[in-house]
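Asks: below is the structure, and that's it, no one-letter string:
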């Protein structure tokens, strides 16, 4: 049996996986949804990028987890990808759910589509945090009104240091056993960095016909995708 360590993206905590956890547990696997420092019930904890990497590694080591399937959604693909290479033979597979991936020396901000300066200006305008999305920002992502309300109401401002501090990789990410889950309503193709990684024999692509938050819009289907990784 595997141990799933589930890390949601920006603004979210462990609660985001509430509907994904039951089918994983019903199949007999361990499930460990994780709230990163500075978010949700841990919003008062100071955090940078490497804090989030340590959050993940420390949770795995503290629980002495083995056969780990490490799942990172959206922003959290960046710390998850770094943590995956630091846990050694504890890792079975890393699953990136419509996520960013770490680039050595790069950050979330450095890959922002409008440029790093524009993104850092957003943080400065919001007291050093990335402001959560509103309901209008979630249109077209396959979410019901109720799912949108739950996502918006549960979100907390995201600590800016985690988005501007650079990633640190000790070996090529393409060497990790990995699956990338592309959510098609958020764009039909992975970004160029992910597309390059998918040429590795260790990586594979799975698609879902939903938006960027499948743990809300299609939690049962997402659970099936994750279970397939350990079938």
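Replies: Here it is on my side, so go on. Note that the coordinates shown come from a computational prediction; the quantities given were computed from them, not determined experimentally.
Asks: give me phi/psi at the residue positioned nearest the centre of the chain?
Replies: Closest residue to the average C-alpha location of the chain: residue 73 at 2.3 Å, with CA atoms, centre = their mean. The phi/psi pair for residue 73 (degrees, to the nearest 10) reads phi -110, psi 140.
Asks: run through the bridge partners of it.
Replies: residue 97 (DSSP bridges).
Asks: for this protein, just list every one of the helices.
Replies: Assignment of helices within the chain using DSSP state H yields the ranges 21-26, 49-62, 77-86, 116-125, 145-154, 161-164, 192-197, 214-217, 219-228.
Asks: ok, residue 97 - contacts?
Replies: When contacts are counted by CB atoms under 8 Å, 6 or more residues apart in numbering, residue 97 touches 71, 72, 73, 74, 77, 181, 183, 214, 215, 222. To be clear about C-beta, it is placed using only N, CA and C from the backbone, and glycine gets the same treatment.
Asks: check these and tell me the two furthest apart.
Replies: Taking CB to CB as the measure, these span a maximum distance of 14.9 Å, between 77 and 222.
Asks: ok, and for stretch 8-16, which residues are buried?
Replies: Using 16 or more other CB atoms under 10 Å as the test for burial, stretch 8-16 gives 8, 9, 10, 11, 12, 13, 14, 16.
Asks: of all the helices of the chain, which lies closest to residue 95?
Replies: Taking the helices of the chain one by one with CB to CB, helix 219-228 is closest: 6.4 Å.
Asks: just the angle between that closest one and helix 145-154, please?
Replies: With axes from the mean of the first three to the mean of the last three CA atoms, to 10 degrees as the basis, helix 219-228 and helix 145-154 are set at 70 degrees to each other.
Asks: buried residues in helix 219-228?
Replies: Residues of helix 219-228 classed as buried: 219, 222, 223, 225, 226, 227 (neighbour count, 16+ other CB under 10 Å).
Asks: can you name the farthest residue from the center of the protein?
Replies: Outermost in the chain, CA atoms, centre = their mean: residue 125 at 24.8 Å.
Asks: before we move on, the earlier item: columns distance to residue 147 and pLDDT on top of the buried residues of helix 219-228, output as TSV?
Replies: Formatted as TSV, the buried residues of helix 219-228 follow (distance: CB to CB, whole Å; pLDDT from 0 to 100):
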residue	distance to residue 147	pLDDT
219	10	98
222	13	98
223	16	98
225	18	98
226	19	98
227	22	98
